[in-house]
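could you work out the structure for the sequence below:
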Amino acid sequence: MKKYISSTLLIIFIGFFNSNAKENIPNPNNSNNNFRIIAAGCLAATAQTELNINNVRTTILAGGDMWWDL
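Below you'll find the model as predicted:
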């Protein structure tokens with residue numbers, strides 16, 4: 001049991017010493033304008049339906065905001 005605990009601690013310590021973190025420096029050559037080109041000009045969702053499960057009733061909207069209190 002002592003050998004198991006010591007080997008586990010050794011693995012944990014090796015993991016801590018081998019991990020490192022760097023600052024995220026943005027690339028000046030990367031432009032974020034591609035997202036605006038790819039996005040479509042979609043209209044807002046207009047469909048909705050009512051979901052009844054047991055004694056719980058909720059409105060489901062087609063716009064992706066399913067569980068809001070409206």
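
what helices or strands is the longest helix along the chain leaning on?
Identified as the longest helix of the chain according to DSSP state H is helix 2-18. Identification of packing neighbours for helix 2-18 by 3 or more C-beta pairs under 8 Å, 6 or more residues apart in numbering; DSSP states H and E yields no helix or strand. Where you see a C-beta, it was placed from the backbone N, CA and C, and this is true even at glycine.

average model confidence for that helix?
In this model, helix 2-18 carries a mean pLDDT of 82.

give the next helix or strand downstream of the lowest-mean-pLDDT helix or strand in the chain.
Using mean pLDDT, DSSP states H and E, helix 34-38 stands out as the lowest-scoring helix or strand of the chain, at a mean of 55. Once the chain leaves helix 34-38, the next helix or strand it forms, by DSSP states H and E, is strand 48-53.

in the next helix or strand after that next one, which residues are buried?
Counting by DSSP H and E, the next helix or strand C-terminal to strand 48-53 is strand 56-61. Buried residues in strand 56-61, defined by neighbour count with 16 or more other C-beta atoms under 10 Å: Leu61.

paired strands for strand 56-61, with orientation please.
strand 48-53 (antiparallel) (DSSP bridges).

give me the phi and psi angles of Asn27.
phi -80, psi 120 (degrees, to the nearest 10).
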